[in-house]
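Engineer: fold the following.
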Amino acid sequence: MTARLFVDTNLLIYALDPADLQKRQVSADLLRRAIRSRILTLSPQSLNEAYRVLTQRRKIMPVAEARAYLSGLAPWCIAPLDAQTTIRAWAVQDDIGTNWWDSLMLAAALRAECALFVSEDMQDGQDVSGMRIVNPFTNEFAKALARM
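Structural biologist: Residues are numbered from 1 along each chain as shown. Below is the predicted model:
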């Protein structure tokens with residue numbers, strides 16, 4: 001595994017969400033640091049899910065602004081989403097029992113050789129084929145982020 005860091009969709013949304021200022025600050029800071037360190041990894045699934053939530057489900061921003069934001073993140077969308085990722089996702093789902101969409105995201109991160117998968121929605125500290133899931137809203141992660 002490399003030092004690459006995969007960021008789950010919810011952090012892309014929190015980075016703009018006025019509803020929770022603490023999560024907004026942590027998420028925006030994480031994205032800035034990961035971009036600056038050149039370790040950010042996203043999946044096409046991440047961008048698609050974020051677009052839907054930002055513009056339709058939660059209506060946090062207008063379509064043009066959401067497209068501009070996600071277009072800025074597009075260069076970091078390097079995790080594959082193809083047939084091999086689907087096959088890997090089946091194995092992840094069988095191994096750890098995650099739902100389908102999380103399994104697909106984890107498989108994409110594994111195929112991109114990420115060391116960390118950042119998400120508040122999965123089990124903090126869980127190892128998935130050598131990749132560790134971390135919750136960005138814990139004190140331990142805050143300390144690690146400060147050293148980044």
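Engineer: which residues of the chain fall in helices?
Structural biologist: Assignment of helices within the chain using DSSP state H yields the ranges 9-14, 21-36, 44-52, 63-73, 83-96, 100-111, 139-146.
Engineer: tabulate the ones you listed (CSV), appending mean pLDDT, distance to Ser129 and mean neighbour count.
Structural biologist: All C-beta spots, glycine's among them, are computed from the backbone N, C-alpha and C. Supplementary listing: the helices of the chain in CSV, determined by pLDDT from 0 to 100; distance: least, C-beta to C-beta, whole Å; neighbours: other C-beta atoms under 10 Å:
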stretch, mean pLDDT, distance to Ser129, mean neighbour count
helix 9-14, 97, 21, 22
helix 21-36, 95, 21, 16
helix 44-52, 97, 18, 18
helix 63-73, 98, 25, 14
helix 83-96, 98, 8, 15
helix 100-111, 97, 6, 23
helix 139-146, 74, 21, 12
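Engineer: what's the spacing between Phe137 and Val63?
Structural biologist: The gap separating Phe137 from Val63 is 29 Å, by C-beta to C-beta, to the nearest Å.
Engineer: with Ala3 instead?
Structural biologist: The value you get for Ala3 to Val63, if C-beta to C-beta is used, is 35 Å.
Engineer: before we move on, back to that, the helices of the chain: which one's closest to Gly130?
Structural biologist: Taking C-beta to C-beta, helix 100-111 is the member of those nearest to Gly130, at 8.1 Å.
Engineer: pLDDT score for the residue lying closest to Ile96 once chain neighbours are set aside?
Structural biologist: Beyond its immediate neighbours in the sequence, the residue positioned closest to Ile96 (C-beta to C-beta, 6 or more residues apart in numbering) is Val128, lying 6.2 Å away. Note for Val128: predicted pLDDT of 97.
Engineer: Ala3 too?
Structural biologist: Each residue has a pLDDT score; the one for Ala3 is 83.
Engineer: check whether it really touches Leu40, as I assumed.
Structural biologist: No. Shown here, Ala3 and Leu40 do not form a contact pair, counting by C-beta atoms under 8 Å, at 11.1 Å.
Engineer: neighbour-wise, which of the two wins?
Structural biologist: Comparing Ala3 with Leu40 by neighbour count (other C-beta atoms under 10 Å), the higher total belongs to Leu40, at 23 against 12.
Engineer: great, nothing more from me.
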